[in-house]
Every structure is written in C-alpha cells, then in structure tokens.
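**Student:** kindly generate the corresponding structure for this input.
(one chain, ligands or ions: 1)
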Amino acid sequence: MGKSESIVLFGPPGAGKGTQSGLISQITGKPQVSTGDMLREAVASQTEVGVKANDYMEKGLLVPDKIIIDLIRMRLLREDAKSGLLFDGFPRTLAQAVELDGLTNVTMVLSLVVPDEDIVNRITGRRTDPHTGEIYHVVHRPAPDPIKPRLVHRSDDTEDTVRNRLKSFHDQTSPLAEYYSERGVLVPIDGSGSMEDVSKLVKQSLINNFRG
Ligand code: AP5
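**Tutor:** Residues are numbered from 1 along each chain as shown. Sure, this is the predicted structure:
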C-alpha cells in the first residue's frame, strides 16, 4: 500500500493555526493533530513524556526531536490516520520534517504568515475553554459570559515566553519554509487580517491546491 497524504499547517506561535485547523479538517477530511495539544495532555497527566517536556515548554524552547517523533509515530498507527493527517505545529525542525517524509507524503504546507508585532498581542490575550477546546481572545474573539469563569490562560502565554517561542521559531522552524518551497508544496497565506478574512484565504487556497 502507498503512503498516506498529509497536510502541514505551518506558522509562528499564535499565527492562528489552532483557530483555522477546524475549517481545514472539515474541508479536507483529515483529522487535526497538534503536537502542542498532545504535549499539554502528557504534562497534565504527568506521564514520563509530560514530565520531560514541561521544562522546555515553560521556557518557550522546542521539545527534543526524539520525544516528538515518537509521539507522531504512535499517532500515525491509529486507524483514522490511514488517509493522512493535518499536522498543526509539526514539524518544527529539519530532523522532524525529514522523519515525516519517511512516514507520509506531505502534499501541501499551508503557511500562515503573521508579523512578530501582532503575535505578542494575540498570544497574551488567548483564552481556551478546557471543556470544548475552543480558542478565544479577550479582544478579537471574546467568550460568552457564562463560560468565562472556566477559561484557561496557558502558562506559556506570557510575554517573556512568547519572545522565546518566537526566537525558537525564527532560528529552528522558519527554515522549513524553504525546504517545502523547494519541493513546490508551500502555500503562503496572509494571516494578519481578521479571523474571517484569514478563513476566506484558507478556503481559497484549498480550492486552488487541495486534490483530495
Ligand atoms: P503549540 O501549542 O504548538 O504552540 P504554538 O506553535 O506556539 O502555537 P499556538 O498554539 O501558540 O498558536 P496558534 O498558531 O495555534 O494560534 P491560535 O489559533 O491559538 O506548542 C507549545 C509548545 O510545545 C512549544 O513552545 C514547544 O515547547 C512544544 N512543541 C509543540 N510542538 C512541537 C514540535 N513539533 N517540536 C518541538 N516542540 C514542540 O491563535 C492565537 C490567539 O490569537 C487566539 O487567542 C486566537 O483567538 C487569536 N487569533 C487567531 N487568529 C486571529 C486573527 N486572524 N486575528 C486576531 N486574533 C486571532
């Protein structure tokens, strides 16, 4: 049997990957896999992976490749991965990208392009609903009043940590744009507009580039 075909959702921290992933999953039928969410679950349940990863995440540093690659290998064994996945926040290093190439065909990399100056505001204002996973923003997408008391502010969403996360992105992750561009699968999308504007651009990119 041939390799599955997967999509990568690429971009700096706070670019809107999580916000747009539901729409992309719905249109392409590919289940979303966020390594950030997987790691946070591992931290919350204090597994061995979670304990190791926590220090890196709190500092805004990338978790070592071996830990991430093991998580992805396990995830790809599940039944719903047979037709490929939508990877959100993975790969983030060249080693991860090369490993992924051995596991699935990356047919499209949707790259949300957002300037650094917008990122700090987006991230420090983010609030997440732990019951539904819905992502809100105190200004750009306020949550309904009844659920406000249960919203969570991620512990790595502070201004200092965001600056480290941006540095990790520029030093280790952004070179992947060239890696995928050379292979003709990179689809840059202007992610700086409103959520609705970005969703329209995402839909248009899928119409133009996704052969499902
Ligand atoms: P992860 O959870 O992946 O964090 P991230 O990449 O930093 O991305 P975010 O979840 O912060 O942002 P997003 O792009 O999903 O934005 P969102 O849609 O929420 O990773 C966390 C940590 O885990 C890493 O630092 C690292 O330590 C580790 N890790 C994870 N994967 C790894 C890997 N592969 N290798 C090594 N380490 C790894 O939007 C953000 C906010 O902006 C929200 O409030 C939203 O409402 C708002 N917003 C969204 N779009 C717009 C818009 N268009 N206009 C205005 N506001 C908007």
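**Student:** tell me the contacts of the residue of the chain found nearest the ligand?
**Tutor:** Closest residue of the chain to the ligand, C-beta to the nearest ligand atom: residue 36 (1.9 Å). Backbone N, C-alpha and C define where each C-beta goes, glycine included. By C-beta atoms under 8 Å, 6 or more residues apart in numbering, the contact list for residue 36 reads 88, 89.
**Student:** buried residues of the longest strand anywhere in the chain, list them for me.
**Tutor:** The longest strand of the chain (DSSP state E) is strand 105-113. Buried residues in strand 105-113, counted by 16 or more other C-beta atoms under 10 Å: 106, 107, 108, 109, 110, 111, 112.
**Student:** against residue 40, how distant is the fifth one?
**Tutor:** Taken as C-beta to C-beta, to the nearest Å, the spacing of residue 110 relative to residue 40 amounts to 22 Å.
**Student:** how about the first one?
**Tutor:** Using C-beta to C-beta, residue 106 is found at 24 Å from residue 40.
**Student:** angle of the lengthiest helix in the chain against strand 105-113?
**Tutor:** The longest helix of the chain (DSSP state H) is helix 195-209. Angle of helix 195-209 versus strand 105-113, following axes from the mean of the first three to the mean of the last three C-alpha atoms, to 10 degrees, is 150 degrees.
**Student:** other SSEs contacting helix 195-209?
**Tutor:** Applying 3 or more C-beta pairs under 8 Å, 6 or more residues apart in numbering; DSSP states H and E, one finds that helix 195-209 contacts helix 17-28, strand 105-113, strand 186-190.
**Student:** and it with the ligand, contact?
**Tutor:** Yes - residues of helix 195-209 contacting the ligand under C-beta under 6 Å from any ligand atom: 195, 198.
**Student:** about what we covered before: how about the helices and strands packed on helix 195-209 in CSV, adding distance to residue 80 and mean pLDDT?
**Tutor:** CSV is the format used below for the helices and strands packed on helix 195-209 (distance: least, C-beta to C-beta, whole Å; pLDDT from 0 to 100):
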stretch, distance to residue 80, mean pLDDT
helix 17-28, 11, 97
strand 105-113, 17, 97
strand 186-190, 24, 98
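**Student:** turn the ones you listed into a markdown table, columns for distance to the ligand.
**Tutor:** Below are these laid out as a markdown table (distance: least, C-beta to the nearest ligand atom, whole Å):
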| stretch | distance to the ligand |
| --- | --- |
| helix 17-28 | 3 |
| strand 105-113 | 7 |
| strand 186-190 | 10 |
